[in-house]
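A.B. asks: after the sequence you'll find the predicted model.
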Amino acid sequence: MIVLIVVLLLPVMTLYIYFNKVSESNTKREIQNSALGRLAFFLSQVEANVDRMTFSAGQISRDPSLLELQVINLGIDYFDKVKTVNSLYQKVQMLSSSNKWDNQITVYVPQTKDMITTGGQESDEEAITTHADRAGWVHQQTKINNNRVPGFRYRLVVPDNAWEQPETADFVIDVSFPDSSLQTMLDQFKFGNQGDPFFYNPQAGTILNRSADDPVIREIANVLGEQPADNGGKSSEISIGGSRYVIQTIYSPMLKWYLVDYYPLEKAFSPIRTSRIIFYISITMLFLMGVIATAMFYRHVQFPIRELVRGVQKLKRGDYSARIGGKQNSEFDFLFERFNDMAAEMKKLIENVYEEKLRSRDAVLKQLQSQINPHFLYNCLSFIKNMATLGNEEAVEKMAVNLGDFYRYATRSENRLAALRDELQFVDHYLSIQRLRTPKFRYEVSVPEQMLELQVPRLMLQPIVENAVIYGIEGKVEAGMLTITAEKHDQQFILTVEDDGKGMSLEKMRELQSTLSQPLSEEMGCGLWNVHQRLQLEFGHNAGLIFFASELGGLGVRLYWSL
């Protein structure tokens, strides 16, 4: 039974593990796709601000005020120069203010060493004129609002061929912004999301949001190393300190930095793991409940059934003393009681049948003993001797033939039943013998043809006829009469033997009738009792003998039975 429970639960667990793996895979894929989408959108906002500042540098380089300043410098008109410088400063200030980030825009004229800047009065001439490659935006120390901070710087040199020697250029435009601007963007991006974004460059290091988990990010930076410049972004999975993280990386060609975000899978898979724990607990409880149910089923169903089967097997082996004990407090109590009652009843019936067989065998033996009557045999042999002395060969032959047939049938005990036709023929042999010895009586037999093949107990009719001859007809002086008739009523058969002898009183008939149902005693004759008992043994209690006063004047005996 437990194996069946395991077999039933195993497919459920297999399907759950499969779908759980699919759920984790789909969740991880959704996290990656969603995070990459958010990172791409965030980076586009960052690059839009950077591009706006790049555009500001180009816009200043084309401004007419800058061209006027160059002309004024050639003419050395101080008043016009101040006016032009103020106009250019207002335009640079306006462009700087239009950007959302903290920034500094500086216009430097190397020939006159004039500097127009939004970062205060202190000059940063050295940083502006330092040789630089055409690298676009570069991360380095930047002076913003008189403070040196790490940030990004973009330089525009006019004319373009003066990149190698900025001090020979007509003018240099320098745009810069601090890392804090990116930190502010990262803080805004992190707010409301579950990631922890940061910028990463293999040479420059990291730019973190202000609430970043610095130890974890350092580990991630060590794992990232050199990343390929993949503008489309990529996702990977790493393990740090026994925890798994999904890493999303997207490259910014404008800043030449990577925007990185990571997400702990434990947090993403927490609902799935919670449901998995609940499922395993449920499966365990179901298994335990199944085991308990199996134990209860075994105790209250399987065990009683096994006891019942054992009891039936004992009955099959002939052990009718088998009984089932125990109290189940269920419907099996009723079955056990009925089984015990049935076993007791079967034992009782078998004992009764066995006793009946013994009694029947005893009765048959006594009947045979009564038939092998020495006096009857001596009389017949004496008759044969006398007839032989008188030379009456015909009488000797008839007596010998009838006597031989009589004892041949009487002593054949291999069959319990015989056809009524054979019983009548046996009675005919007996009556023929009696007529040879006492020729003063007559007998008639009237039995329907359809009843001649009925199976009846052997030696059933002869004892009745013998009593009629001995106690009814032989005591008469005149010739006697004996009749044997048969009839059928529905399913009941009746065989009647009547004589015209001296008969029997009503009280005597009642007394004789009552003795038929009593146990056989030494004082009782066994012939009539034997016939009555064997009829009931064969056909049930609706069979037996009935005595009545015959219309012929003597005693009538009716044998009845039903099939």
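C.D. replies: Everything's here; your move. Numbers count the residues shown, from 1 in each chain.
A.B. asks: surely I494 and S562 touch.
C.D. replies: No. I494 sits out of contact with S562 when judged by C-beta atoms under 8 Å, with a separation of 10.1 Å. C-betas here are computed from N, CA, C, even on glycine.
A.B. asks: more neighbours: those two, which one.
C.D. replies: For I494 versus S562, neighbours defined as other C-beta atoms under 10 Å are more numerous around I494 (15 against 12).
A.B. asks: next one, pLDDT for the more buried one please.
C.D. replies: If you check I494, the pLDDT there is 94.
A.B. asks: so which strand or helix has it?
C.D. replies: Following DSSP states H and E, one finds I494 within strand 492-499.
A.B. asks: quick one: contacts of that strand?
C.D. replies: 420, 447, 451, 454, 461, 464-465, 468-469, 472-473, 480-488, 542, 550-552, 554-563 (C-beta atoms under 8 Å, 6 or more residues apart in numbering).
A.B. asks: average pLDDT across the one helix or strand V353 maps to?
C.D. replies: Assigned by DSSP H and E, V353 falls within helix 331-371. Average pLDDT, helix 331-371: 69.
A.B. asks: what's downstream of that helix, the next helix or strand?
C.D. replies: That would be, after helix 331-371 and using DSSP H and E, helix 374-390.
A.B. asks: show me how far that following helix is from its chain's centre.
C.D. replies: 90 Å (C-alpha atoms, centre = their mean, to the nearest Å).
A.B. asks: following that helix, which helix or strand shows up next?
C.D. replies: Counting by DSSP H and E, what follows helix 374-390 is helix 393-410.
A.B. asks: helices or strands up against the helix or strand following that following helix?
C.D. replies: Using DSSP H and E, the helix or strand that follows helix 393-410 in sequence is strand 417-419. In terms of contacts (3 or more C-beta pairs under 8 Å, 6 or more residues apart in numbering; DSSP states H and E), strand 417-419 is packed against strand 455-457.
A.B. asks: just checking, what packs against the strand it packs on?
C.D. replies: Using 3+ C-beta pairs under 8 Å, 6+ apart: strand 455-457 touches strand 417-419, helix 420-437, helix 526-539.
A.B. asks: cutoff 7 Å now
C.D. replies: Strand 455-457 sits against strand 417-419, helix 526-539, with contacts defined as 3 or more C-beta pairs under 7 Å, 6 or more residues apart in numbering; DSSP states H and E.
A.B. asks: for S211, which of those is the nearest?
C.D. replies: Nearest to S211, of all the helices and strands packed on strand 455-457, is helix 526-539, at 108.4 Å by C-beta to C-beta.
A.B. asks: buried sites along that closest one?
C.D. replies: 526-539 (16 or more other C-beta atoms under 10 Å).
A.B. asks: again with stretch 421-441
C.D. replies: Buried residues in stretch 421-441 (16+ other C-beta under 10 Å): 422-424, 426-436, 441.
A.B. asks: quick one: contacts of that stretch?
C.D. replies: Stretch 421-441 is contacted by residues 379-380, 383, 395, 398-399, 402-403, 405-406, 409, 443, 445, 447, 452-453, 456, 460-462, 465-466, 469, 473-474, 479-482 when judged by C-beta atoms under 7 Å, 6 or more residues apart in numbering.
A.B. asks: mark which of those residues are buried, thanks.
C.D. replies: Buried among those (16+ other C-beta under 10 Å): 380, 383, 395, 398-399, 402-403, 405-406, 409, 443, 447, 456, 460-462, 465-466, 469, 473, 480-482.
A.B. asks: now the helices for the stretch 1-150 of the chain?
C.D. replies: 2-61, 64-75, 78-98, 125-129 (DSSP state H, counting those that start in this stretch).
A.B. asks: for this structure, longest strand please?
C.D. replies: strand 147-158 (DSSP state E).
A.B. asks: M296: how many residues sit nearby?
C.D. replies: 11.
A.B. asks: distance of it relative to M289?
C.D. replies: 10 Å (C-beta to C-beta, to the nearest Å).
A.B. asks: can you give me the buried ones in stretch 310-317?
C.D. replies: G311, K314, L315.
A.B. asks: ok, the last one touching A322?
C.D. replies: Yes. L315 is within contact range of A322, at 5.9 Å (criterion: C-beta atoms under 7 Å).
A.B. asks: shared neighbours of those two, anything?
C.D. replies: In contact with both L315 and A322: A343, using C-beta under 7 Å, 6+ apart.
A.B. asks: state the mean pLDDT of the longest strand of the chain.
C.D. replies: Averaging pLDDT along strand 147-158 gives 84.
A.B. asks: so the helix or strand just after it versus strand 147-158, what angle?
C.D. replies: Following strand 147-158 in sequence order, the next helix or strand is strand 171-178 (DSSP H and E). Using axes from the mean of the first three to the mean of the last three C-alpha atoms, to 10 degrees, the inter-axis angle of strand 171-178 relative to strand 147-158 is 150 degrees.
A.B. asks: helices or strands up against strand 171-178?
C.D. replies: Using 3+ C-beta pairs under 7 Å, 6+ apart: strand 171-178 touches helix 2-61, strand 104-109, strand 138-144, strand 147-158.
A.B. asks: how is this structure divided into domains?
C.D. replies: With domains defined by automatic domain parsing, the chain comprises 1-268, 282-343, 415-562.
A.B. asks: save these as a markdown table, and put in distance to A388 too.
C.D. replies: Listed next are the domains of the chain as a markdown table, based on distance: least, C-beta to C-beta, whole Å:
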| stretch | distance to A388 |
| --- | --- |
| domain 1-268 | 90 |
| domain 282-343 | 58 |
| domain 415-562 | 13 |
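A.B. asks: quick one: which of those is nearest T274?
C.D. replies: Of all the domains of the chain, domain 1-268 comes closest under C-beta to C-beta, at 11.5 Å.
A.B. asks: and S65, how many neighbours does it have?
C.D. replies: 19.
A.B. asks: wait, it sits on Q90?
C.D. replies: No. In this structure S65 lies outside contact range of Q90 using C-beta under 7 Å: 9.0 Å.
A.B. asks: what about the stretch 401-550 of the chain, any weak spots by pLDDT?
C.D. replies: Applying pLDDT under 70 to the stretch 401-550 of the chain flags residues 413-414, 520-526.
A.B. asks: phi first, then psi, for M460.
C.D. replies: For M460, the backbone dihedrals (degrees, to the nearest 10) come out as phi -80, psi -40.
A.B. asks: not counting residues beside it along the chain, what's closest to it?
C.D. replies: V531 (5.6 Å; C-beta to C-beta, 6 or more residues apart in numbering).
A.B. asks: thought the one you found was touching L545?
C.D. replies: Yes. At 6.2 Å, V531 counts as touching L545 under the criterion of C-beta under 7 Å.
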